[in-house]
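Visitor: Kindly generate the corresponding structure for this input.
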Amino acid sequence: MSHIEIDPALAALDIAKGFLSGGPKRLLIDGDWVAARSGETFEVINPTTEEVLAEVALADAADIDLAVEAAHRAFHDPHWANITPAARARYLLKIADLMDENIEELATLQSLEMGAVVRETRLMTSMMSDVFRYYAGWTTKMFGHTNPSDGSVFNYTLREPLGVVAAIIPWNGPILAATWKLAPALACGNTVVMKPAEVAPLVVLRLAELIQEAGVPAGVVNMVPGYGKGAGEALINHPLVAKLAFTGSTETGKHLMEVASRTMKKVGLELGGKSPTIVFDDADLDKAAALAAYGFAGNTGQMCVAGSRILVQDGVYDAFAAKLTAAVGAMAPGSPFHEASALGPLASKAQYDRVNGYLALAEQEGARRITPDRTLSDKGYFIAPTIYADVTPDMRIVREEIFGPVAVLIRFTDEADAVAKGNDTEFGLTATVWTAEAGRATRMARALKAGTVWVNTMFNLDAASPFGGYKSSGTGRELGPESIDAYTQIKSVYVGL
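Guide: Model (predicted):
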């Protein structure tokens, strides 16, 4: 039994107090920070202490309309539409520099509002500034083509921005999701209306301040935090929106696709996962166990890429299970600002209740818990990492995305069995393979139906490499050159000679 001592994180609050002070945080519309038209606000709760962290203006359909119209005007304004690609690059590079200069504040805000340990939010912020730098390089490399003709015409192509991008981002990694959409969208010359999740909007609102500080023209980026049924629905249905870019649940993603089809909006969706981690009998079990533990429990399991189905070959099943439970036992939950904390709380009371519901369901379904039941703090939304064995393929804890620090252990016999069980899911976001055999590694990478496959490593991401899902894990790709295609369209031009 263990107990968490809650750190009041006074130093962290001191870092963020400048941003958090001064009353409710406002909406950014057309370059101005404004209250919601309704005057309504909502509370952001610190999941570590369950105390109110901030109040934020609550956008509704009226605010969305103003924001989209502002973005539409900015898209056609010469101060944005007619600048050189190099000028757009300078904006992106300045944003990246400002992110680096304010890394402690950005990391602190994200840890305060959604509970991730600060060393991880600090690393994430550093990686995201490099995403802006990567796409700054792309601004001058979006070429059209001159096509051969019979001499009677001159035929060439133009690569053009789409227009207003509606970006809807989740609460589990807000700085990452915001950057993955903002950087390529702006590099290509689009304008953006972004709706941060109501659970964790603060770090994205601070990022918007830095975007203003970088000199980006008014209306190019607009921030409108609000609820899905109000602001979200208004945004995805707005006739001036050219593209929907969404990260979140598969259920919501399906709804967005249906709505977008009515007006033929372009859609990019990064959705849920139930990813397999596959451990063969020739794997480095110590390394595999350590990374598999983090793979399902890191960020308190609130990751679309979480390796929550852990498949282990029969011959090493018992040995690996022992190593995995030991690795999980060493992961101390606690305040995001304690150096010893391996994971913080879940991001909200709703998520805490959801995960606890799945834990109760696992017992009802007959799964066997192989990690101890640890008593944590009476305050904060903490749940200890939990592993279940003796599961069957039809169990909901095997098939559904829990979005908490919960994993299932599954036996497999051989390579074919591993492929069949690894692919036995509606999702296809990521997969991880642990093996010493290069041939097997390449065969598995081909056979697994996932947008990203890691072999003898985990969670590597690079701005130059595309990320996205197969099956119900999404459509399209983020990062890499593929994002340039996602935020532009091609025009063919024929000139008679």
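
Visitor: Find the nearest non-adjacent residue to the residue nearest the centre of the chain, please.
Guide: With distances taken as CA atoms, centre = their mean, A177 lies nearest the centre of the chain, 4.3 Å away. For A177, ignoring the flanking residues on the chain, the nearest one in space by CB to CB, 6 or more residues apart in numbering is I169 at 3.9 Å. Where C-beta positions appear, they are placed from N, C-alpha and C, glycine not excepted.

Visitor: so that neighbour makes contact with P196?
Guide: Yes. Between I169 and P196 a contact is recorded at 5.7 Å, counting by CB atoms under 8 Å.

Visitor: shared neighbours of these two, anything?
Guide: When contacts are counted by CB atoms under 8 Å, 6 or more residues apart in numbering, the set common to I169 and P196 consists of A178, V204.

Visitor: where along the stretch 1-150 of the chain do the helices fall?
Guide: 10-20, 61-76, 78-81, 85-101, 103-114, 118-138 (DSSP state H, counting those that start in this stretch).

Visitor: and what of the stretch 201-350 of the chain?
Guide: Going by DSSP H, counting those that start in this stretch, the stretch 201-350 of the chain shows helices at 202-213, 233-237, 250-263, 285-297, 317-329, 349-365.

Visitor: Those helices into JSON lines, with extra columns for mean pLDDT and mean neighbour count?
Guide: Shown next, in JSON lines, are the helices of the stretch 201-350 of the chain (pLDDT from 0 to 100; neighbours: other CB atoms under 10 Å):
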{"stretch": "helix 202-213", "mean pLDDT": "98", "mean neighbour count": "22"}
{"stretch": "helix 233-237", "mean pLDDT": "97", "mean neighbour count": "21"}
{"stretch": "helix 250-263", "mean pLDDT": "95", "mean neighbour count": "15"}
{"stretch": "helix 285-297", "mean pLDDT": "98", "mean neighbour count": "22"}
{"stretch": "helix 317-329", "mean pLDDT": "97", "mean neighbour count": "18"}
{"stretch": "helix 349-365", "mean pLDDT": "97", "mean neighbour count": "16"}
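
Visitor: Show me the one of those helices that comes nearest E160.
Guide: Across those, E160 has its closest neighbour in helix 250-263 (19.1 Å, CB to CB).

Visitor: Check what contacts the closest one and list those residues.
Guide: 168, 228, 236-237, 239, 244, 246, 266-267, 269, 271-272, 401, 426-427, 472-475.

Visitor: likewise stretch 68-82?
Guide: Here stretch 68-82 makes contact (CB under 8 Å, 6+ apart) with 29-31, 161, 163-164, 166, 189-193, 217-220, 222, 235, 238, 240-241.

Visitor: Can I get that stretch in PDB, CA atoms only?
Guide: Only the C-alpha atoms of stretch 68-82 are listed here, as PDB (Å, rounded to 0.1, in the frame of the first residue of the first chain):
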ATOM      1  CA  VAL A  68     -14.300  32.000 -38.800                       C
ATOM      2  CA  GLU A  69     -15.300  35.300 -40.600                       C
ATOM      3  CA  ALA A  70     -12.100  36.800 -39.200                       C
ATOM      4  CA  ALA A  71     -10.000  33.900 -40.500                       C
ATOM      5  CA  HIS A  72     -11.700  34.100 -43.800                       C
ATOM      6  CA  ARG A  73     -10.900  37.800 -44.100                       C
ATOM      7  CA  ALA A  74      -7.300  37.200 -43.000                       C
ATOM      8  CA  PHE A  75      -6.900  34.500 -45.600                       C
ATOM      9  CA  HIS A  76      -7.600  37.000 -48.400                       C
ATOM     10  CA  ASP A  77      -5.800  40.000 -46.800                       C
ATOM     11  CA  PRO A  78      -2.600  41.000 -48.600                       C
ATOM     12  CA  HIS A  79      -0.800  41.100 -45.300                       C
ATOM     13  CA  TRP A  80      -1.000  37.300 -45.200                       C
ATOM     14  CA  ALA A  81      -2.100  36.200 -48.700                       C
ATOM     15  CA  ASN A  82       0.600  38.100 -50.600                       C
END
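
Visitor: In that stretch, which residues are buried?
Guide: Residues of stretch 68-82 classed as buried by neighbour count (16 or more other CB atoms under 10 Å): V68, E69, A70, A71, H72, R73, A74, F75, W80.

Visitor: for stretch 37-49, same thing?
Guide: By neighbour count with 16+ other CB under 10 Å, stretch 37-49 contains the buried residues R37, T41, F42, V44, I45, N46, P47, T48, T49.

Visitor: still on that earlier bit, I'd like to know which of the contacts of stretch 68-82 are buried.
Guide: For the contacts of stretch 68-82, buried by 16+ other CB under 10 Å: 29-30, 161, 163-164, 166, 189-193, 217-220, 222, 235, 238, 241.

Visitor: how about the buried residues of stretch 37-49, which pair is most distant?
Guide: Between any two of the buried residues of stretch 37-49, the greatest separation by CB to CB is 32.9 Å, found for R37 and T48.

Visitor: Run through the stretch 351-497 of the chain and note the low-pLDDT ranges.
Guide: Scanning the stretch 351-497 of the chain with the threshold set as pLDDT under 70 gives 375.

Visitor: now swap in the stretch 101-250 of the chain and tell me
Guide: Filtered on pLDDT under 70, the stretch 101-250 of the chain yields no residues whatsoever.

Visitor: can I get the buried residues of stretch 37-49 in a markdown table with pLDDT and distance to T157?
Guide: Output for those, formatted as a markdown table (pLDDT from 0 to 100; distance: CB to CB, whole Å):
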| residue | pLDDT | distance to T157 |
| --- | --- | --- |
| R37 | 98 | 42 |
| T41 | 98 | 48 |
| F42 | 98 | 46 |
| V44 | 98 | 46 |
| I45 | 98 | 50 |
| N46 | 96 | 51 |
| P47 | 97 | 49 |
| T48 | 95 | 53 |
| T49 | 94 | 56 |
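
Visitor: From the residues you listed, pick the one nearest R206.
Guide: Checking the buried residues of stretch 37-49 against R206 with CB to CB, the nearest one is V44 at 12.5 Å.

Visitor: can you tell me which residues contact the closest one?
Guide: V52, L53, A54, E55, V56, E113, E198, V199, A200, P201, L202.

Visitor: give me the beta-bridge partners of it?
Guide: A54 (DSSP bridges).

Visitor: Can you flag the buried ones in the contacts of helix 250-263?
Guide: 168, 228, 236-237, 244, 246, 266-267, 269, 271-272, 401, 427, 472-475.

Visitor: Among those, name the ones in strands.
Guide: I168, L244, F246, K266, V267, L269, F427, G474, T475 (DSSP state E).

Visitor: quick one: which two of those are the most distant?
Guide: Pairwise distances across those peak at 22.9 Å for K266 and F427 (criterion: CB to CB).

Visitor: Can you name the residues that contact the residue nearest to A177?
Guide: Residues in contact with I169 (CB under 8 Å, 6+ apart) are A177, A178, K181, M194, K195, P196, A197, V204, T247, G248.

Visitor: Perfect, that will be all.
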